[in-house]
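1. Predicted coordinates and the sequence they were generated for:
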Amino acid sequence: MEQINIVSVSDNQYAEYMAVMIQSILMNRKDKSFMSFYIIDCGIQKDNLDILSNVVEAHHCEINFIRSDYSKCKDFQVHGHISHAAYVKLQMPSLLHDLNKIIYLDGDLIVLDDLAKLWSCDVKNAALCAAGNPKTKPSSYINVPADKKVFNSGVMIIHLDRWREEKIEEKTLNYLKENSHKLKFHDQAAFNAVLYDRWSSLEAKWNVQSAFYNVKNLNTIYSESEIISALQNPSIVHFTSNSKPWQFRNGHPYKKKFIEYYKEVFGRKPEYRDVNLISFLKRVKEEIEYL
């Protein structure tokens, strides 16, 4: 049976939510294919390392921690819910030197389908497969031609050998050294600037982003019918806004599903740290927007 390699990056702040993401993957494994998880560790504390290990080992799979630091990324711009850990994914070719094909996943998502299906997608000659990013125009990025579409870097199938051959790690880091102070989209800006003509598209259902719920005027590679189909039957739900399902303010339709997986890991609901009137009003507003 072929091994499926799944890679993610986390600091300690996101580690418990990554455990929920991994639990969702393993609970939706249909053929019991062997999965090997590679966690690029950007400062995860021991208690959270133990939680991650326990989740994976309970399903008889394998977990590997690859220690990293921010030395190459410490000067890159961050803001909002983005930390320097987001940039570490650019270093995957050198950090994962024994791997070729991988599935990369951000930690703020849940998987509702068997990842063996995603693993079987044909990358062909592209450097990666990813889903189109909604609402974002190429003009929002530096060095992306106006006639190109842009992708979201939170779910990717990658052939790392091609990245090594084409020196993609070096190119993206150099791009950030020159442009980080001008960028809004962080690591995603670097991926798109370097790989705008080297990616192929995934079905929308493999990365259902929060903006998909505003079906009109999405400015993405997908038709309206494809977006509606993905919303009705998502394979991966990606909580892409700065409002996350572990917050009281969040009104996402799949928040309840996230909490179900959270309870599978921790035996309880998340402890909200933002219970106040402003968060309540934001939650009501979000729930209305998602209708």
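-> Structure's in. What do you need? Residues are numbered from 1 along each chain as shown.

2. could you show me where the helices are in the stretch 51-200 of the chain, in order?
-> Here the stretch 51-200 of the chain has its helices, by DSSP state H, counting those that start in this stretch, at 85-88, 92-95, 115-119, 160-165, 168-179, 186-195.

3. wait, which of these is closest to Ile102?
-> Set against Ile102 and scored by CB to CB, the helices of the stretch 51-200 of the chain come closest in helix 160-165, at 6.4 Å. Using the backbone N, CA and C atoms, a C-beta is placed for each residue, glycine as well.

4. Now tell me what touches that closest one from outside.
-> For helix 160-165, the external contacting residues (CB atoms under 8 Å, 6 or more residues apart in numbering) are 92-93, 96, 99-102, 127, 168-169.

5. related to what we said a few turns ago, Tyr17: which of the helices of the stretch 51-200 of the chain is closest?
-> Short answer: helix 85-88, nearest of the helices of the stretch 51-200 of the chain by CB to CB, at 12.5 Å.

6. before we move on, back to that, quick one: the helices of the stretch 51-200 of the chain as CSV, columns for distance to Met18, mean neighbour count and mean pLDDT too.
-> Below are the helices of the stretch 51-200 of the chain laid out as CSV (distance: least, CB to CB, whole Å; neighbours: other CB atoms under 10 Å; pLDDT from 0 to 100):
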stretch, distance to Met18, mean neighbour count, mean pLDDT
helix 85-88, 11, 24, 76
helix 92-95, 16, 19, 92
helix 115-119, 15, 19, 95
helix 160-165, 21, 18, 94
helix 168-179, 22, 18, 85
helix 186-195, 17, 24, 85
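
7. export the ones you listed to JSON lines and tack on distance to Asn133?
-> Below are the helices of the stretch 51-200 of the chain laid out as JSON lines (distance: least, CB to CB, whole Å):
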{"stretch": "helix 85-88", "distance to Asn133": "15"}
{"stretch": "helix 92-95", "distance to Asn133": "20"}
{"stretch": "helix 115-119", "distance to Asn133": "18"}
{"stretch": "helix 160-165", "distance to Asn133": "20"}
{"stretch": "helix 168-179", "distance to Asn133": "17"}
{"stretch": "helix 186-195", "distance to Asn133": "7"}
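
8. so where do the strands sit in the chain?
-> 4-10, 35-41, 62-67, 101-105, 109-111, 128-132, 151-159, 199-201, 208-209, 236-238 (DSSP state E).

9. Any chance of CSV for those, columns mean pLDDT and distance to Val275?
-> Output for the strands of the chain, formatted as CSV (pLDDT from 0 to 100; distance: least, CB to CB, whole Å):
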stretch, mean pLDDT, distance to Val275
strand 4-10, 95, 25
strand 35-41, 96, 30
strand 62-67, 95, 33
strand 101-105, 97, 29
strand 109-111, 98, 23
strand 128-132, 95, 33
strand 151-159, 94, 28
strand 199-201, 94, 40
strand 208-209, 96, 27
strand 236-238, 98, 24
